[in-house]
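Q: quick one: sequence and predicted model below, then my questions.
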Amino acid sequence: MSIINEILLYQMEIPFKFSFGHGAAKRKSSDSFLLVLKTNDGKIGIGEGLPRAYVTGETLNSSTEFFKDRIYPNIIQSK
């Protein structure tokens, strides 16, 4: 049975080759977070989140803090 025993959370800014805009914002890059889950038997899962303050009110920092404080304790499993 796989047991999640490591969680890594990275914040990153991904630059665009060209900037673009729409009604809500103009962007030159994408602020994202990358979530990596590792299990005791070597499996790795990767997910990405792209919080947008102008859409949901969430920021990169508020999203990663929510993950660390509320989600992480519920998915990490003891050995």
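A: Alright, I've got the coordinates.
Q: CA atoms for contacts and neighbours, from now on please.
A: Fine.
Q: what ranges does the chain have for its helices?
A: Listed in chain order, the helices of the chain (DSSP state H) span 53-56, 60-66, 72-75.
Q: most tightly packed of the ones you listed?
A: helix 60-66 (a mean of 15; mean count of other CA atoms under 10 Å).
Q: give me the residues contacting it.
A: With CA atoms under 8 Å, 6 or more residues apart in numbering as the test, helix 60-66 has contacts from Leu9, Gln11, Asp31, Ser32, Phe33, Leu50, Pro51, Arg52.
Q: now, among these, which is nearest to Phe67?
A: Nearest to Phe67, judged by CA to CA, of the contacts of helix 60-66 is Leu9 at 8.6 Å.
Q: what sits opposite the closest one in the beta ladder?
A: For Leu9, the beta-bridge partners are Leu35 (DSSP bridges).
Q: show me what contacts the residue nearest the centre of the chain?
A: The chain has Phe33 as the residue nearest its centroid, 3.1 Å off, counting by CA atoms, centre = their mean. Shown in contact with Phe33 (CA under 8 Å, 6+ apart): Leu9, Tyr10, Gln11, Met12, Glu48, Gly49, Leu50, Leu60, Thr64.
Q: what sits closest to it if chain neighbours are left out?
A: What sits nearest to Phe33 in space, not counting adjacent residues and going by CA to CA, 6 or more residues apart in numbering, is Gln11, at 4.4 Å.
Q: I figured that neighbour was touching Ser32, is that so?
A: Yes: if you go by CA atoms under 8 Å, Gln11 and Ser32 touch, sitting 6.0 Å apart.
Q: neighbour count winner among the two?
A: Using other CA atoms under 10 Å as the criterion, Gln11 and Ser32 rank with Ser32 on top: 21 against 15.
Q: touching, that one and Gly49? I think so.
A: Yes: look at Ser32 against Gly49 with CA under 8 Å: they come within range, at 5.6 Å.
Q: still on that earlier bit, farthest-separated two in the contacts of Phe33?
A: Between any two of the contacts of Phe33, the greatest separation by CA to CA is 13.0 Å, found for Leu9 and Leu50.
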